[in-house]
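Asks: Pasting a predicted model and its sequence here:
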Amino acid sequence: MQIQVKCSCGAEKCPEWAIIELQGVVEVQPSFQHSLQNLQIGLLCRPSSQENYTFTVGYHELTGYKVALKKPMVVLKKIKYMDVERQIDEATSSSSCVELDVVGFIRHKILFKTRPTTLISGPQPTVKEKINAEGA
Amino acid sequence: MLLNLQPTSSVSIQYHPFFGPHDDLVLLELDEKLLSDVLYQRVTLRGQPDEDAVLCTKSKTYSVKFVGTSNSVFLIPPADYSTSHESGGENYNQQVPTASVIKVAPGNMELVEVAPRLDKLKSILSENLYSSDEASTAMGDLYKWDDLINKVQASDDELKAGLQALSAVEIDGYWRIVDEKYMDVILRMLLHNSVLNDWSLDSLVEDKVVSVLESDGFPRKLVYHCLNVYGSRVEEAMDGGVWRLDARRVCVHFARGILREGKRKMESFMEEWLRMIPEEIQPSFDMLEGEVLTEKLGVETWVRALSVSSFPTTPADRFSILFKERAKWEWKDLEPYIRDLNVPGLSSEALLLKYTRRSQPSIDAEPVFSAR
């Protein structure tokens, strides 16, 4: 079986995607679990001309930086389709075909790997590993 | 653009309207040099449903592995990534610029260069050897080039090299390995005619050889194949079509024929072998390295066939079989049986370290290799 890896947008027009990477997990408050769409996770700021960034999620502020990936990545989309013609010709056991389409590439990520600082002063429960996102 | 966020600006990171698991979106990490092959559609994934997929460029094969991460990797597509008119991705039309996360990636795929998996090629082509009674043989599964691509996990170039190493020949569009006994018949006929017609084995004229053997009843394709297997084209010949028989290949062929029925005492083997080899060819026993093993049993030295070409190509399997054949090996005997092993990134010293135990009975004895 051979699966062709395509790039339907064309190599020159292949868009660059981005990654924000955090150590830890973003938790959504239970009441918002089922309506995530368009929910704000946080605010990403670049305070100066350096490649340093802050990411504010709920009451937590993370500091990080943009870094070039040591090896580039591509974003592949698996496309399944029914190929009726082939089904008749080759009598293959499965009648569906799979293709892979390169929909983007990634060369950089914005990485946050330090412990978050808490923005609200006053008594706080012990700082957790996890950070909570609130609805906008 | 999120990636070009200007100093003193900010962007709101949101869940995309179509945020979800999107199992059909996969990240693949690759070396810079592979990036253009991928973008310009020069790579394919190959393998049967029950095999681990490999990724192939024109000349190399890579295994594909998933590497997970415990970090949260927010994947953000460009602004226009959306199958509908819903606004998603990034846009600066709103008061606060936004960038949307389509998926949290659990990890990414990685590529590791591997040797092509050619053992399968040999076994499927051996299912139906091309023999002299081809017409009457029941047609089992025969394979065209495209069938081989579908079944064998190797790049195009590696597959071609594999076919060459097997001395396979394309007949009527199908790739075939010719039965050794049939090759023997054709070769002997060629040598017989060389004597009859006073042909020099160093300068066989293609047209003459082909027409004579064709009139003896051999298919044209097979005669060319015989020349290819046992000889090489003489480049310097003026009008092309001149061949020189390769001494080693001819000698190995006859040695294998003698030992096909079992091992022989050295004297008996040598006597028959020298008798069969054409006068023009000078045999020497070291032509047979990687093809025969000599053993001392009592006072007698025996010879038996052990061809490196019959062994698996993966190092673990190769060493396992070698140590089954013989528990301890000296380097000079072992070397011909592992010199063809190809593992990207592993030298032969590293292979030995990994798969064998080296011991030295005494200071001036030869080191000996055995199973780990």
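Replies: On my side now, so go ahead. Numbering: from 1, shown residues only, chains lettered A, B, ... in the order given.
Asks: Looking at chain B, which helix is longest?
Replies: When chain B is parsed with DSSP state H, its longest helix is helix B:180-197.
Asks: which of the residues in that helix are buried?
Replies: B:182, B:183, B:185, B:186, B:187, B:189, B:190, B:191, B:193, B:194 (16 or more other Cβ atoms under 10 Å in any protein chain shown). Where C-beta positions appear, they are placed from N, C-alpha and C, glycine not excepted.
Asks: Can you lay out those as CSV showing pLDDT and distance to residue B:162?
Replies: Output for the buried residues of helix B:180-197, formatted as CSV (pLDDT from 0 to 100; distance: Cβ to Cβ, whole Å):
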residue, pLDDT, distance to residue B:162
B:182, 92, 21
B:183, 93, 19
B:185, 95, 26
B:186, 95, 23
B:187, 96, 23
B:189, 96, 29
B:190, 96, 26
B:191, 96, 29
B:193, 96, 32
B:194, 95, 31
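Asks: Any figure for the gap between residue A:67 and residue A:110?
Replies: Using Cβ to Cβ, to the nearest Å, we find residue A:67 at a distance of 8 Å from residue A:110.
Asks: Leaving out chain neighbours, which residue sits closest to residue B:205?
Replies: Take residue B:205 and drop its neighbours on the chain: the residue closest to it by Cβ to Cβ, 6 or more residues apart in numbering or on different chains is residue B:242, 6.0 Å away.
Asks: what sits against the one you found?
Replies: By Cβ atoms under 8 Å, 6 or more residues apart in numbering or on different chains, the contact set of residue B:242 is B:203, B:204, B:205, B:206, B:233, B:234.
Asks: Would you quantify the distance from the first one to chain A?
Replies: In other words, residue B:203. Residue B:203 sits 44 Å away from chain A, taking Cβ to the nearest Cβ, to the nearest Å as the criterion.
Asks: And the fourth one, by the same measure?
Replies: If you measure residue B:206 against chain A using Cβ to the nearest Cβ, the figure is 37 Å.
Asks: now the closest residue to that residue other than its chain neighbours: how far from residue B:187?
Replies: Distances taken as Cβ to Cβ, 6+ apart put residue B:241 closest to residue B:206, at 3.6 Å, once the chain neighbours are dropped. Applying Cβ to Cβ, the value for residue B:241 to residue B:187 is 19 Å.
Asks: Can you show me the strands along chain A?
Replies: Along chain A, counting by DSSP state E, strands occupy A:2-6, A:18-22, A:26-28, A:40-46, A:52-57, A:60-82, A:96-112, A:117-118, A:131-133.
Asks: And for the stretch 151-300 of chain B?
Replies: For the stretch 151-300 of chain B, the strands defined by DSSP state E, counting those that start in this stretch occupy B:168-171, B:174-177, B:204-205, B:231-233, B:242-245, B:264-265, B:292-297, B:300-305.
Asks: before we move on, back to that, does the residue nearest to residue B:206 really touch residue B:203, like I thought?
Replies: No: the criterion here is Cβ atoms under 8 Å, and residue B:241 misses it with residue B:203 at 10.6 Å.
Asks: Contacts made by the host helix or strand of residue B:147 with the rest, please.
Replies: Per DSSP states H and E: residue B:147 is located in helix B:145-151. By Cβ under 8 Å, 6+ apart, the surrounding residues in contact with helix B:145-151 are A:1-2, B:46, B:48, B:120-121, B:124, B:143, B:156, B:159, B:163, B:170, B:175.
Asks: cool, and stretch B:251-271?
Replies: Outside of stretch B:251-271, the residues within contact range by Cβ under 8 Å, 6+ apart are B:180, B:183-184, B:187, B:230, B:272-273, B:276-277, B:281, B:283, B:285, B:287-288, B:291-292, B:294-295, B:300-305, B:307.
Asks: chain center to that stretch: distance?
Replies: Taking Cα atoms, centre = their mean, to the nearest Å, the mean C-alpha location of stretch B:251-271 is offset from the chain mean by 28 Å.
Asks: swap in stretch B:59-66?
Replies: In terms of Cα atoms, centre = their mean, the centre of stretch B:59-66 is set 15 Å apart from its chain centre.
Asks: now stretch B:212-228
Replies: For stretch B:212-228 - counting by Cα atoms, centre = their mean - the centre lies 27 Å from the chain centre.
Asks: ok, which stretches of the stretch 51-200 of chain B are helices?
Replies: Applying DSSP state H, counting those that start in this stretch to the stretch 51-200 of chain B gives helices spanning B:119-125, B:145-151, B:156-165, B:180-197.
Asks: before we move on, the earlier item: I'd like to know how far the residue nearest to residue B:206 sits from residue B:221.
Replies: Separation of residue B:241 from residue B:221 (Cβ to Cβ): 16 Å.
Asks: Please indicate which of the contacts of helix B:145-151 are buried?
Replies: Using 16+ other Cβ under 10 Å, the buried members of the contacts of helix B:145-151 are A:1, B:46, B:120, B:121, B:124, B:143, B:159, B:163, B:175.
Asks: hang on, the earlier thing: using TSV, please lay out the buried residues of helix B:180-197 together with distance to chain A.
Replies: Output for those, formatted as TSV (distance: Cβ to the nearest Cβ, whole Å):
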residue	distance to chain A
B:182	32
B:183	32
B:185	37
B:186	35
B:187	37
B:189	41
B:190	39
B:191	43
B:193	44
B:194	45
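Asks: Just give me the closest of these to residue B:110.
Replies: The shortest approach to residue B:110 among these belongs to residue B:183, at 43.9 Å (Cβ to Cβ).
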